[in-house]
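> this one's sequence-less:
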Ligand SMILES: [Zn+2]
């Protein structure tokens, strides 16, 4: 009788630990889609989907095909780093065709056909639209998201309004720089906590443009990978190419195809196809 009870108890514990394991090692994937000289990054965490930027409007079919293949019907957070058309081009179409939980964008105004379409789709679908001028921190079942807002209320160059996104999962930290130029990158370097966020991967700012403060990020973090979103190899800064070589950081260029970062069983793998 006692033996039976013990066996049942052991079986129960085994079952629980297997189930527990399955829950602790869910799929996590970041896809940097090949969308030309533009950004569209899809992040699938254990129970949520985050998209950073939406590329040009001409890339919508490609993005939608990827979402459909991944069976993604809901994007919990759509982060628009800034309002240039290579970042917001497909935003309205995505909002019109998927469920979007919340749009997060920097707090400035821009007039363009894409912004008009975006605000129409936000209104039509009654999507929460947060324009932030202060940092936002979000916790999502094992995932930490830090969205750094621009510190100034006005920048001459629009790229400097870029939201800079940090994401941490299972001890791996990822940095998405939007199109931050020198001024905004320096601003970020001045207050980022690189001990807390010891990035292993950087999405290079502004399609591979180099500016001096990028070096400070490289020198403060155990970077292993650099993703550069461009179809124009000539536009990638020579100094960025050299920096990657010098510090043994492996570059991935989206002109060679989609770039995937996957974590399973605590192991990180980067691939391209
Ligand atoms: Zn851009």
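Right, received. Where do you want to start? Just so it is clear, the structure is predicted and the values come from calculations on it, not from any experiment.

> quick one: name the residues of the stretch 151-273 of the chain near the ion.
For the stretch 151-273 of the chain, the residues in contact with the ion under the definition CB under 5 Å from the ion are residue 179. Heads up, the C-betas are built off the backbone N, CA and C, glycines and all.

> let's see 6 Å
Listed as neighbours of the ion in the stretch 151-273 of the chain under the rule CB under 6 Å from the ion: 179, 207.

> residue in the stretch 151-273 of the chain with the shortest distance to the ion?
Scanning the stretch 151-273 of the chain for the residue nearest the ion gives residue 179, at 4.3 Å (criterion: CB to the ion).

> which residues of the stretch 1-150 of the chain score low on pLDDT?
Where the stretch 1-150 of the chain drops to pLDDT under 70, the residues are 1-26.

> try 90 this time
Counting by pLDDT under 90, the low-confidence segments of the stretch 1-150 of the chain come to 1-27, 141.

> in the stretch 51-200 of the chain, which spans are strands?
Using DSSP state E, counting those that start in this stretch, the strands of the stretch 51-200 of the chain run over residues 74-79, 99-106, 128-132, 136-140, 143-148, 164-169, 172-176, 199-203.

> just put the ones you listed in CSV and tack on distance to residue 256 and mean neighbour count.
Listed next are the strands of the stretch 51-200 of the chain as CSV, based on distance: least, CB to CB, whole Å; neighbours: other CB atoms under 10 Å:
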stretch, distance to residue 256, mean neighbour count
strand 74-79, 25, 21
strand 99-106, 30, 20
strand 128-132, 34, 14
strand 136-140, 31, 13
strand 143-148, 28, 20
strand 164-169, 23, 22
strand 172-176, 19, 23
strand 199-203, 15, 23
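
> right, and residue 94 touches residue 53 too?
No - the criterion here is CB atoms under 8 Å, and residue 94 misses it with residue 53 at 10.4 Å.

> which one of these two has more residues nearby?
Regarding residue 94 and residue 53, a neighbour count based on other CB atoms under 10 Å identifies residue 53 as having more, with 30 against 24.

> tell me the contacts of that one?
Under the criterion of CB atoms under 8 Å, 6 or more residues apart in numbering, the neighbours of residue 53 are 38, 39, 40, 41, 79, 80, 81, 87, 88, 178.

> if I look at the first one, how far off is residue 141?
Right, the one you point to is residue 38. Spatial separation of residue 38 from residue 141 under the definition CB to CB, to the nearest Å is 30 Å.
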